[in-house]
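[1] This is a predicted model, with the sequence first.
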Amino acid sequence: MERNSHEPTQTKINKVLIANRGEIAVRIVRACRELGIRTVAVYSDADRTSLHTRYADEAVYIGPPSPRESYLKIENIIDAMNKTGADAVHPGYGFLSEREAFAQAVADAGKIFIGPTPQAIAIMGDKQRARETVKKAGVPVVPGTEPGLRDEEILAAAEREVGFPLLVKAAAGGGGKGMRIVRSAEELPEALAVARREAEAAFGDGSVYLERLLEGARHIEFQILADMHGNTVHLAERECSIQRRHQKLVEEAPSPFMDDDLRRRMGEMCVRAAEAVGYVNAGTIECLVDKDKNFYFLEMNTRLQVEHPVTEIVSGVDLVKEQIRIARGRRMGPTENLLKPQGWAVECRINAEDPYNDFLPSVGTISTLIMPTGPGVRVDSGIFPGAEITPYYDNMLAKLICWGENRAEAMLRMRRALEEFRITGIKHNIPFHQNLLESFSFLAGMFDTRFVEERFSMTTYETEPKEEDLETAAILATLVAHRRRQLAGQIVKQSARDTSNWKWVGRWERMHR
Ligand code: MV4
């Protein structure tokens, strides 16, 4: 595809409407404030007193709590822009952020969409079309099926080219939605039929494709920035393997799995994938990396991501400001790929959910709130004492981001910040994060996407490496052997949690000598 499908024209942006709510709406208002741009919030009945509603310069009511009747209603957003004279809209993440029809409606109204073109959103939104497009540009993809095959052809390709086990994926899915594992040829016809029906019901599009299942791979994503002047760069990677049911819980930058050469090669691949659709603005390429460091393009998210702050910290780039700058037709700040992240950043998503009860969502009123501060700590949140947590929207309360000179310092600082955090009135997952930060495997960087669901427990502390890690962690071999001798088989009970960080400090110092 052509690189500059639209002419770079310098456009004034004096007022931005934020078509979102919660912490990300507040985050975007902050960037606008610093740039001297006026802001318009939109709010539903459930958000009359929310932080974003009060923090923006103006606020427009857009309907009932149900997202379908407010935050997802394109006409309501466009009306609010016209009424307030906003010349641009930032969609945040979720809601309308990856809807081609919204980006198009904004353009049709003569306004600026702070994000990619409707065309780029459309191509990347069809996960199979995205695969084909980047593959043609020389980007490695997991072996899978081509578009437009009949069922007999799909079955034949499964045996010949894809192999088992495989995944049936919905073209209109993404983010793990509409995915199912098939372990043998016998199961495939039935699985295909079910997947089609489910995709049709969920997305109004029954197209599905097959991909070989890569088991035990890591989920690593690259931050992309591209301007209208033909510059496309990456700002290195984020490690996102700590997730549960496709909900990320912890992200970090860089990835403990990365090395300079792999970053250079993966980064090049990701820039090429973005260029293949003439991508402009901020985007994220999701990749799988197997234990032998083979990497594959999975999909591209054409929006700002929840976990963008960890990249901001190690790159020194304010991604929201860059998005606005790019949307104005200016050259973006970063001109080179970030080949060397500065220090380390980790983010814990603080959610209103009970980690002791299968992560059951919790609703209610926040009665007390003490947020951590101090050196190396950032909290992005939309909550305050008295805030109501309703069942209408996602249950993320805050993002706690800590940084350090190295991974060890970032992690120990996170332990400190989690201890400072106090939220009462609702259940939250801070105990999950505290438990995770006691896990030997997590602290040693030995984990993949199965970690939380298959190997993590809220009732025991894993202070000793698991047998299967011993092969994969050559770098830790000496340390591991030492620990095994020390702790043979011992599991520390919750009540006996050791709050001293000295053992970890010493261990990391030995490792990095
Ligand atoms: C995969 C995969 C293994 N093999 N594709 C889940 C999110 C969506 N972006 C794609 N996902 C996966 N695709 C192949 N061919 C494993 C996953 C996957 C996963 C990916 C990233 C983070 C967490 C995950 C958890 C389970 C499965």
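    Perfect, thanks for sending it. No experiment lies behind these values; they were computed from the predicted model shown.

[2] What segments of the stretch 401-513 of the chain are strands?
    422-424, 460-461, 492-493 (DSSP state E, counting those that start in this stretch).

[3] looking at the ones you listed, which one has the lowest mean pLDDT?
    Mean pLDDT is lowest for strand 492-493 among the strands of the stretch 401-513 of the chain, at a mean of 40.

[4] what's the burial count for the residue in the stretch 201-350 of the chain that the ligand sits nearest to?
    Using CB to the nearest ligand atom, the closest approach of the stretch 201-350 of the chain to the ligand is made by residue 219 at 3.3 Å. Bear in mind the C-beta positions are built from the backbone N, C-alpha and C, glycine included. Counted by other CB atoms under 10 Å, the residues lying close to residue 219 total 22.

[5] So it lies in a strand, does it not?
    Yes - counting by DSSP: H, G, I helix; E, B strand; the rest coil, residue 219 is part of a strand.

[6] Report the separation between it and residue 172.
    Note on residue 219: its distance to residue 172, by CB to CB, to the nearest Å, is 21 Å.

[7] got it, and residue 406?
    From residue 406 over to residue 172 (counting by CB to CB), the distance is 41 Å.

[8] More neighbours: the two, which one.
    Set residue 406 next to residue 172 and count neighbours by other CB under 10 Å: residue 172 wins out with 20 against 11.

[9] wait, doesn't that one sit right on residue 127?
    Yes - when contacts are counted by CB atoms under 8 Å, residue 172 is listed as touching residue 127 (7.5 Å).

[10] give the contact list for residue 248.
    Going by CB atoms under 8 Å, 6 or more residues apart in numbering, residue 248 touches 240, 242, 306-307, 349.

[11] Let me have the residues you listed in JSON lines, extended by secondary structure and pLDDT.
    Below are the contacts of residue 248 laid out as JSON lines (DSSP: H, G, I helix; E, B strand; the rest coil; pLDDT from 0 to 100):
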{"residue": "240", "secondary structure": "strand", "pLDDT": "92"}
{"residue": "242", "secondary structure": "strand", "pLDDT": "94"}
{"residue": "306", "secondary structure": "coil", "pLDDT": "98"}
{"residue": "307", "secondary structure": "coil", "pLDDT": "98"}
{"residue": "349", "secondary structure": "strand", "pLDDT": "98"}
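
[12] Reformat those as a markdown table; add neighbour count and distance to residue 95.
    Shown next, in a markdown table, are those (neighbours: other CB atoms under 10 Å; distance: CB to CB, whole Å):
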| residue | neighbour count | distance to residue 95 |
| --- | --- | --- |
| 240 | 25 | 21 |
| 242 | 23 | 25 |
| 306 | 20 | 13 |
| 307 | 24 | 17 |
| 349 | 24 | 18 |
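
[13] Among those residues, which pair sits farthest apart?
    Spatially, the most separated pair among the contacts of residue 248 is 242 and 306, at 13.3 Å (CB to CB).

[14] Give me every residue in the stretch 51-200 of the chain lying close to the ligand.
    142, 167, 174-176 (CB under 6 Å from any ligand atom).

[15] who wins for neighbours among those?
    The residue in those with the most neighbours, by other CB under 10 Å, is residue 174 (23 neighbours).

[16] Isn't that one up against residue 300?
    No - using CB under 8 Å as the test, residue 174 is too far from residue 300 to be in contact (9.3 Å).

[17] how far away is residue 212 from residue 298?
    Per CB to CB, residue 212 is found 12 Å from residue 298.

[18] worst-scoring helix or strand of the protein, pLDDT-wise?
    In the chain, the helix or strand scored least confidently by mean pLDDT, DSSP states H and E is strand 492-493, which has a mean of 40.

[19] so how far is stretch 391-407 off the chain centroid?
    The chain centroid and the centroid of stretch 391-407 are separated by 11 Å, computed with CA atoms, centre = their mean, to the nearest Å.

[20] Extract the C-alpha trace of that stretch and format it as CSV.
    Extracted C-alpha coordinates of stretch 391-407, given in CSV (Å, rounded to 0.1, in the frame of the first residue of the first chain):
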residue,chain,number,x,y,z
PRO,A,391,-21.1,-2.9,36.8
TYR,A,392,-21.5,-0.9,33.5
TYR,A,393,-17.8,-0.5,32.6
ASP,A,394,-14.6,-2.5,32.9
ASN,A,395,-13.4,-2.9,36.4
MET,A,396,-9.9,-1.4,36.2
LEU,A,397,-9.5,1.1,39.1
ALA,A,398,-6.0,2.3,38.5
LYS,A,399,-2.7,1.5,36.9
LEU,A,400,0.2,1.5,39.2
ILE,A,401,3.5,2.0,37.3
CYS,A,402,6.9,1.8,38.9
TRP,A,403,10.3,2.2,37.4
GLY,A,404,13.9,1.6,38.4
GLU,A,405,17.3,1.6,37.0
ASN,A,406,17.0,-2.1,36.4
ARG,A,407,14.3,-4.8,36.7
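
[21] ok, back up a step: dump the residues of the stretch 51-200 of the chain next to the ligand to TSV, plus secondary structure, distance to residue 326 and pLDDT.
    Shown next, in TSV, are those (DSSP: H, G, I helix; E, B strand; the rest coil; distance: CB to CB, whole Å; pLDDT from 0 to 100):
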residue	secondary structure	distance to residue 326	pLDDT
142	coil	31	97
167	strand	34	97
174	strand	23	85
175	coil	24	83
176	coil	29	81
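
[22] so how far does stretch 353-368 reach from one end to the other?
    Distance between the two ends of stretch 353-368: 17 Å, counting by CA to CA, to the nearest Å.

[23] Need the residues that contact it.
    Outside stretch 353-368, the residues that touch it by CB under 8 Å, 6+ apart are 244, 351-352, 383-391, 395, 397, 422-429, 431-432, 435, 458.

[24] could you flag which of those residues are buried?
    Neighbour-count burial (16 or more other CB atoms under 10 Å) applied to the contacts of stretch 353-368 gives 244, 351-352, 383, 387, 389-390, 395, 397, 423, 425-429, 432, 435, 458.

[25] what two of the residues of the stretch 51-200 of the chain next to the ligand are the furthest from one another?
    Farthest pair in those, by CB to CB: 142 and 175, 16.3 Å.

[26] does residue 335 really touch residue 231, like I thought?
    Yes - the pair residue 335 / residue 231 is scored as a contact, 6.6 Å apart, by CB under 8 Å.

[27] More neighbours: which of these two?
    For residue 335 versus residue 231, the count of surrounding residues by other CB under 10 Å is larger for residue 231: 16 against 9.

[28] ok, the more buried one - contacts?
    Contacts of residue 231 (CB under 8 Å, 6+ apart): 331-332, 335.

[29] Among these, which one lies nearest to residue 282?
    Distance to residue 282 across the contacts of residue 231 (CB to CB) is lowest for residue 332, with 9.4 Å.
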